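**Q** sequence below, structure please.
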Amino acid sequence: MKEELDETKKIFEEIKEYSIYELKIYECKYKNVTCFLVESGMGKVNAARITQILIDKMNVDIILNVGVAGSISRNINKCDIVIGEKLVQHDFDLTLLNFEKGLIPNVGKYIDCDQELINIAKIIKMETKVTSGIISSGDIFVSEEKMGEKINKKFGALCVEMEGASIAQVCHLCNIPFLVIRAISDSPYEKDNHLTFKEFLKISSDMVSRFVEQFLGKI
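**A** Down below sits the predicted model:
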């Protein structure tokens, strides 16, 4: 999101701004690490598009995707952080062709994040709980508790969002190491814990920028 991008930019020395297909890409530096920051937009197509652009035009070594997600596990609460170990598209359905739900031909059902990047992320210390596991993606906003429980049971996913698995698929097909990190924006199981979207966005943006700063300091 733009707010998260703006907050994350504060930790960098900005070098150059690019405009590619009407997308703004910021070339920045953190110590000796050169990064390209961009707001992907919502949904799997937007996320896949910008991932391929970064790979083709910017010749990146790794892709780090950060943002928000909704909890679909009773063990994951609002403002927790989830490190993606595997990504799955919960809405990819070829079951009428006798494929398992979520399985993409020539790709698989689950796509693994890079283990070295996972290991780096796991040693980062935050004031909130940090968990690792499966993240699910789909082009639908999951707001009903029953639907969240169904995805959790079917795929073993801890949270649900709309971009990560498409980024995973592009990186997998292009042999680019990647990692997906999510800050939890809402949980259907926390009935008495209400943050407004504006309040959470401020918290999330700060969390994301601090996580990225620590991550870059360790690679």
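**Q** return the residues in contact with residue 37.
**A** 5, 8, 9, 12, 25, 26, 28 (Cβ atoms under 8 Å, 6 or more residues apart in numbering). (C-beta placed from N, C-alpha, C; glycine too.)
**Q** quick one: the strands in this structure?
**A** For the chain, the strands defined by DSSP state E cover 13-20, 23-30, 33-37, 63-71, 81-89, 111-112, 130-137, 157-161, 178-186.
**Q** mind listing what's buried in stretch 70-81?
**A** Using 16 or more other Cβ atoms under 10 Å as the test for burial, stretch 70-81 gives 70, 71, 72, 73, 76, 77, 78, 79, 80, 81.
**Q** so what touches that stretch?
**A** Outside stretch 70-81, the residues touching it (Cβ under 8 Å, 6+ apart) are 82, 126, 128-131, 136, 142-143, 148-149, 151-152, 157-161, 181-190, 193, 195, 200, 203-204, 207, 211.
**Q** buried subset of those residues?
**A** Counted by 16+ other Cβ under 10 Å, the contacts of stretch 70-81 give 82, 130-131, 136, 142, 148, 151-152, 157-161, 181-189, 195, 200, 204, 207, 211 as buried.
**Q** the bottom helix or strand of the protein by mean pLDDT?
**A** Using mean pLDDT, DSSP states H and E, the weakest-scoring helix or strand in the chain turns out to be helix 197-216, at a mean of 82.
**Q** please name every helix or strand in contact with it.
**A** helix 2-9, strand 63-71, strand 178-186 (3 or more Cβ pairs under 8 Å, 6 or more residues apart in numbering; DSSP states H and E).
**Q** distance of the residue lying closest to residue 35 once chain neighbours are set aside from residue 208?
**A** The spatial neighbour of residue 35 that comes closest, neighbours along the chain excluded (Cβ to Cβ, 6 or more residues apart in numbering), is residue 28 at 5.1 Å. Per Cβ to Cβ, to the nearest Å, residue 28 is found 15 Å from residue 208.
**Q** repeat for residue 99
**A** For residue 99 relative to residue 208 (Cβ to Cβ), the value is 35 Å.
**Q** who has more neighbours out of these two?
**A** Using other Cβ atoms under 10 Å as the criterion, residue 99 and residue 208 rank with residue 208 on top: 23 against 14.
**Q** for residue 101, give its distance to residue 69.
**A** Counting by Cβ to Cβ - residue 101 and residue 69 are separated by 20 Å.
**Q** can you check residue 50 too?
**A** Per Cβ to Cβ, residue 50 is found 18 Å from residue 69.
**Q** residue 200 too?
**A** For residue 200 relative to residue 69 (Cβ to Cβ), the value is 12 Å.
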